[in-house]
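Undergrad: build me a model:
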Amino acid sequence: MAQPLVKKDDDRDDEAEYSPFLGIEKGAVLQEARVFNDPQLDARRCSQVITKLLYLLNQGETFTKVEATEVFFAVTKLFQSRDLGLRRMVYLIIKELSPSADEVIIVTSSLMKDMNSKTDMYRANAIRVLCRITDGTLLTQIERYLKQAIVDKNPVVASAALVSGIHLLQTNPEIVKRWSNEVQEAVQSRAALVQFHALALLHQSIHTDTRWLKTLQIRQNDRLAVSKLVTSLTRGNVRSPLAQCLLIRYTSQVIRESGNNTQSGDRPFYDFLESCLRHKSEMVIFESARAITELNGVTSRELTPAITVLQLFLSSSKPVLRFAAVRTLNKVAMTHPMAVTNCNIDMESLISDQNRSIATLAITTLLKTGNESSVDRLMKQITNFMSDIADEFKIVVVEAIRSLCLKFPLKYRSLMNFLSNILREEGGFEYKKAIVDSIVILIRDIPDAKESGLLHLCEFIEDCEFTYLSTQILHFLGVEGPKTSDPSKYIRYIYNRVHLENATVRASAVSTLAKFGAAVDELKPRIFVLLRRCLFDSDDEVRDRATLYLNTLGGDGSVVETDKDVKDFLFGSFDIPLVNLETSLKNYEPSEEAFDINSVPREVKSQPLAEKKAAGKKPTGLGAPPSGPPSTADAYERLLLSIPEFANFGKLFKSSEPVELTEAETEYAVNVVKHIFDRHVVFQYNCTNTIPEQLLEDVIVLVDASDAEEFSEVFSKPLRSLPYDSPGQTFVAFERPEGLPTAGKFSNILKFIVKEVDPTTGEAEDDGVEDEYQLEDLEVVTADYILKVGVSNFRSAWESMGPDCERVDEYGLGPRESLAEAVNVVINLLGMQPCEGTEVVPPNSRSHTCLLSGVFIGNVKVLVRLSFGLDGPKDVAMKLAVRSEDETVSDTIHEIVASG
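TA: Residues are numbered from 1 along each chain as shown. Model prediction:
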């Protein structure tokens with residue numbers, strides 16, 4: 001009977017389970033190792049036993065000292081065998097056993113004998129083993145042989161010596177650096193691998209200087225040495241393609257470190273990179289093309305020859321070349337899409353490539369570089385292969401389609417239909433989440449896409465297996481659905497969730513129904529009917545939510561709050577950090593007085609108290625208050641209230657993170673915390689004495705406010721005694737104009753009386769000496785008057801605040817290393833809380849939107865929308881939109897950016 005046809009890989013599963021090492025045990029293998037002691041050695045059997053030992057070692061099996069020693073001595077007896085295969089196994093096992101110094105002596109003579117053998121295979125392997133197991137003392141004895149091996153006529157021996165040198169640089173660099181003449185000679189070798197290894201060793205030996213001599217001059221010399229090495233080799237004749245690739249990488253390094261272009265405008269060594277594009281080796285051609293595309297601030301003129309070469313590789317018969325070319329072009333398309341458009345025709349042919357990775361990269365590149373007229377054609381081609389690729393590639397395609405839709409908003413129908421179709425197909429959570437996120441972004445940014453997009457999401461939750469996605473979509477429906485022309489058509493989809501889903505989704509559906517009832521008066525009676533049905537749900541969370549919303553909306557016959565209060569409750573942002581609320585509720589003691597939510601701290605704290613610990617530096621400040629974000633604010637407030645002079649300053653608005661005023665490893669460690677009140681600023685200087693033989697008394701900080709004219713000092717509280725390693729605080733309070741975010745610069749001098757301490761008795765002398773210690777300057781900036789307070793739904797908070805007090809302007813931030821750096825600089829400048837994870841900039845992005853929120857002093861809420869974009873190679877432009885409850889605060893935010 002004929003056998004049925006099977007795929008090539010159908011029988012692989014059965015074969016994969018079989019392993020020649022299956023069931024190997026260490027004890028049994030050690031017993032087998034006794035074969036090494038036989039008078040008549042069986043080379044085949046010995047090789048098999050060594051193979052098993054190597055397998056055990058590589059699987060992480062540990063040998064005791066006795067076991068390793070016994071195996072090592074037994075293996076040394078195998079040097080008497082003349083079998084080449086067995087000898088190679090002997091070298092391997094000796095290297096893996098890593099014998100101790102005493103044991104190395106026993107095998108050294110045999111290895112040195114092999115180093116001088118006429119058999120090249122013995123010589124090469126003996127060099128590798130000796131360099132691996134010996135220490136510096138023995139290396140000096142065999143250094144002469146290693147130098148000779150580097151310039152040996154046999155390339156295997158020379159490469160072995162050079163690779164050993166690369167490894168020895170980590171432990172004995174001073175020995176390897178004495179081989180420079182031999183290594184320079186090996187760089188001129190005709191053998192490809194020898195030239196490659198010699199160049200690697202030469203470059204590595206230069207860089208080792210920076211690890212052993214950490215001075216600025218050495219690092220400058222290092223760059224000059226690398227530059228000199230590259231200059232000499234680019235003019236010479238490097239024959240090996242491997243060495244040429246290495247040289248291209250070193251050249252790229254020199255170009256990066258040389259910084260800006262020369263006065264003539266030309267990059268150093270760019271001509272060399274361009275000349276490598278005409279090399280006969282494909283490896284070298286690709287390496288040089290990739291190096292050119294990765295140059296900082298590369299221009300279109302510099303890119304053109306590299307793009308041309310990569311375009312030729314797209315039609316290569318070799319899959320690896322096609323993959324390398326399309327992956328590189330994909331990266332270039334992120335920053336220079338117009339430069340890649342000439343390759344579009346070639347990349348379209350790759351969409352049907354058998355290698356799905358190549359096809360995915362091709363389609364995503366086309367989506368970045370295509371024009372509006374090609375969108376429909378690309379969508380048809382994508383549909384054909386989406387089912388054949390893995391989820392991680394599908395996510396890349398989805399993100400590319402989202403970018404394309406934002407680029408060509410008029411094409412939203414075809415792109416939205418495509419996203420909705422693939423949303424119904426099989427896929428994992430991350431893939432489905434990427435699609436849902438894309439549809440949500442398109443709905444927010446393209447108003448015409450709202451209704452169709454919401455319907456697609458409604459259809460998806462009918463058969464969604466992921467609770468997280470269902471709840472997120474229901475929340476989004478509750479915010480956007482009531483604003484559509486016909487909100488009633490979404491009610492059916494939402495109420496179906498109450499019947500057909502788990503408790504978490506049912507509770508979310510109840511909240512969404514309530515939002516429709518609050519926003520659309522015509523729907524309110526129908527919503528009341530549905531909510532009353534939810535009162536009989538089996539889950540208490542669902543019942544509680546239904547009861548709450550019926551009471552809030554007036555569905556139970558009670559007197560309802562005003563529409564504004566109801567909408568604020570359902571749609572308003574929850575500006576209290578949940579961890580702060582949780583801590584306050586835990587600390588609340590039941591009494592006749594109800595829990596006041598306004599007493600919960602709004603400030604977001606990343607840690608209880610910043611205890612800046614440099615190496616060898618002691619913690620300063622309040623010590624270690626209990627963990628939990630609000631405990632820092634509470635601890636500061638309790639400390640300040642305990643000082644009568646500060647009691648009439650009012651409620652503490654904000655306490656800054658500690659600012660270091662001394663460097664690490666100094667005799668006195670001082671940092672300062674700025675406490676902001678409505679009309680006052682209190683500087684809390686946290687001091688630590690790090691000298692055991694001294695006691696400091698009457699410690700005070702003299703503050704010079706001549707550069708802060710609007711501040712006037714009103715009180716200072718000295719620290720009576722500061723023993724060794726016992727943190728203490730001294731305070732200085734200033735009055736400032738009310739309602740204004742006053743800024744200023746303060747110089748600080750630590751003044752004290754020093755008393756010597758007897759180390760034996762621990763008692764201080766009676767007489768002391770006055771002394772002072774200069775501290776770093778301290779600045780109070782406008783951002784100190786802004787409290788970090790997050791919002792759960794930025795879009796809703798932004799719309800509810802309205803455009804009345806909105807201020808918008810554009811700024812040039814100048815050249816920056818990356819968009820992420822520019823975003824971080826502005827966030828730190830404003831001192832506000834990033835929302836919805838927008839502080840993270842995706843790699844290779846050319847534009848980004850960051851959302852910030854906070855509360856300005858005087859309890860004025862502020863929201864900021866920052867839109868960043870690259871204007872040229874490195875210049876960053878920014879659009880700043882500010883909304884607040886007070887137009888002067890919006891103007892102040894702009895002033896901070898303009899002056900920063």
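Undergrad: please count neighbours and contacts with C-alpha atoms only from this point.
TA: Noted.
Undergrad: can you pull the buried residues of whichever strand or helix holds Q253?
TA: Using DSSP states H and E, Q253 maps to helix 241-257. Neighbour counts over helix 241-257 (16 or more other Cα atoms under 10 Å) mark 241-255 as buried.
Undergrad: now swap in stretch 366-384 and tell me
TA: Neighbour-count burial for stretch 366-384 [16+ other Cα under 10 Å]: L366, L367, K368, T369, G370, V375, L378, M379, I382.
Undergrad: gap between the first one and L303?
TA: Relative to L303, L366 is positioned 18 Å away (criterion: Cα to Cα, to the nearest Å).
Undergrad: neighbours of R82, just the number please.
TA: 10 (other Cα atoms under 10 Å).
Undergrad: sorry, back to before: where is pLDDT lowest across the buried residues of stretch 366-384?
TA: Ranked by pLDDT, the buried residues of stretch 366-384 bottom out at G370, which has 69.
Undergrad: possible to save the buried residues of stretch 366-384 as JSON lines with secondary structure and distance to L193?
TA: Output for the buried residues of stretch 366-384, formatted as JSON lines (DSSP: H, G, I helix; E, B strand; the rest coil; distance: Cα to Cα, whole Å):
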{"residue": "L366", "secondary structure": "helix", "distance to L193": "39"}
{"residue": "L367", "secondary structure": "helix", "distance to L193": "42"}
{"residue": "K368", "secondary structure": "helix", "distance to L193": "40"}
{"residue": "T369", "secondary structure": "helix", "distance to L193": "40"}
{"residue": "G370", "secondary structure": "coil", "distance to L193": "43"}
{"residue": "V375", "secondary structure": "helix", "distance to L193": "48"}
{"residue": "L378", "secondary structure": "helix", "distance to L193": "45"}
{"residue": "M379", "secondary structure": "helix", "distance to L193": "48"}
{"residue": "I382", "secondary structure": "helix", "distance to L193": "44"}
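Undergrad: S721: which of these is nearest?
TA: Nearest to S721 among the buried residues of stretch 366-384: K368, at 67.1 Å, using Cα to Cα.
Undergrad: what sits up against stretch 492-501?
TA: 458-459, 462, 474, 505-507, 509-510, 512-513, 530, 534 (Cα atoms under 8 Å, 6 or more residues apart in numbering).
Undergrad: run the chain-centre distance for that stretch.
TA: 40 Å (Cα atoms, centre = their mean, to the nearest Å).
Undergrad: next one: stretch 482-492
TA: On Cα atoms, centre = their mean, the centre of stretch 482-492 falls 41 Å from that of its chain.
Undergrad: would you check how far apart I749 and L866 are?
TA: From I749 to L866 the distance is 40 Å (Cα to Cα).
Undergrad: so which of the two has more stuff around it?
TA: L866 (20 against 16).
Undergrad: please name the bridge partners of that one.
TA: C850, L880 (DSSP bridges).
Undergrad: name the spans of the stretch 401-550 of the chain whose pLDDT lies under the cut-off.
TA: Within the stretch 401-550 of the chain, no range satisfies pLDDT under 70.
Undergrad: cool, and the stretch 1-150 of the chain?
TA: If you take pLDDT under 70 as the line, the stretch 1-150 of the chain has these spans: 1-19, 99-102, 136.
Undergrad: can we see that at 50?
TA: 1-16 (pLDDT under 50).
Undergrad: ranges for the strands of it?
TA: Counting by DSSP state E, counting those that start in this stretch, the stretch 1-150 of the chain forms no strands at all.
Undergrad: now do the helices in it.
TA: 12-16, 26-32, 43-58, 65-76, 84-97, 101-115, 120-133, 136-150 (DSSP state H, counting those that start in this stretch).
Undergrad: for the closest residue to A74 other than its chain neighbours, give me its contacts.
TA: Among residues not flanking A74 along the chain, F36 sits closest, at 5.7 Å (Cα to Cα, 6 or more residues apart in numbering). The neighbours of F36, taking Cα under 8 Å, 6+ apart as the test, are C46, A74, V75, K77, L78.
Undergrad: in contact with the last one, which residues are there?
TA: Just to be clear, that refers to L78. F36, L41, L86, R87, V90.
Undergrad: could you pull up phi and psi at the second one?
TA: Read it as L41. phi -70, psi 130 (degrees, to the nearest 10).
Undergrad: doesn't A33 make contact with it?
TA: No - counting by Cα atoms under 8 Å, A33 is not a contact partner of L41; they are 11.8 Å apart.
Undergrad: compare those two and say which is more crowded by neighbours.
TA: A33 (21 against 15).
Undergrad: what about the residue nearest to that one when sequence neighbours are not counted, how many residues close to it?
TA: Take A33 and drop its neighbours on the chain: the residue closest to it by Cα to Cα, 6+ apart is V49, 6.3 Å away. If you count neighbours by other Cα under 10 Å, V49 ends up with 20.
Undergrad: how about the host helix or strand of S470: buried residues?
TA: For S470, the host element (DSSP H and E) is helix 467-480. For helix 467-480, a neighbour-count test (16+ other Cα under 10 Å) marks L469, S470, T471, Q472, I473, L474, H475, L477, G478, V479, E480 as buried.
Undergrad: among the residues you listed, which one sits closest to L454?
TA: L477 (7.1 Å).
Undergrad: so the closest one touches G453, yeah?
TA: No - with contacts counted by Cα under 8 Å, L477 stays clear of G453, the gap being 10.5 Å.
Undergrad: what's the overlap in contacts for the two?
TA: Counting by Cα under 8 Å, 6+ apart, nothing touches both L477 and G453.
Undergrad: which of the buried residues of stretch 366-384 lies closest to L852?
TA: K368 (29.1 Å).
Undergrad: which residues touch the closest one?
TA: Per Cα under 8 Å, 6+ apart, neighbours of K368: A333, M334, P337, A400, S403, L404.
Undergrad: swap in D777?
TA: Counted by Cα under 8 Å, 6+ apart, D777 has contacts L661, K745, F746, S747, N748.
Undergrad: out of those residues, which sit inside strands?
TA: K745, F746, S747, N748 (DSSP state E).
Undergrad: relative to D777, how far out is the third one?
TA: Read it as S747. Distance from S747 to D777, by Cα to Cα: 5 Å.
Undergrad: sorry, back to before: give the buried subset of the contacts of stretch 492-501 as a ChimeraX selection command.
TA: Filtering these down to the buried ones (16+ other Cα under 10 Å) takes a single ChimeraX command:
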select :458,474,505,506,507,509,510,512,513,530,534
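Undergrad: same list (the contacts of stretch 492-501) but as CSV, adding distance to A877 and secondary structure.
TA: Shown next, in CSV, are the contacts of stretch 492-501 (distance: Cα to Cα, whole Å; DSSP: H, G, I helix; E, B strand; the rest coil):
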residue, distance to A877, secondary structure
C458, 39, helix
E459, 40, helix
E462, 44, coil
L474, 36, helix
V505, 43, helix
R506, 45, helix
A507, 44, helix
A509, 42, helix
V510, 44, helix
T512, 39, helix
L513, 42, helix
L530, 51, helix
C534, 52, helix
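Undergrad: among the contacts of stretch 492-501, which one sits closest to N344?
TA: E459 (35.7 Å).
Undergrad: now do that closest one against Y490, distance only.
TA: 10 Å.
Undergrad: got the buried residues for the helix or strand hosting R720?
TA: R720 is located in strand 719-722, with elements delineated by DSSP H and E. Residues L719, L722 are the ones in strand 719-722 that count as buried (16+ other Cα under 10 Å).
Undergrad: roughly how far is that strand from the heart of the chain?
TA: 44 Å.
Undergrad: which is the succeeding secondary structure element to it?
TA: strand 728-735.
Undergrad: ok, back up a step: ok, and what's touching the helix holding S470?
TA: Contacts for helix 467-480 (Cα under 8 Å, 6+ apart): 433, 436, 454, 457, 461, 464, 494, 504-505, 508-509, 511-513, 515-516, 571, 796.
Undergrad: which of those fall in helices?
TA: 433, 436, 454, 457, 461, 494, 504-505, 508-509, 511-513, 515-516, 571, 796 (DSSP state H).
Undergrad: what's the burial count for L535?
TA: Neighbours around L535, by other Cα under 10 Å: 17.
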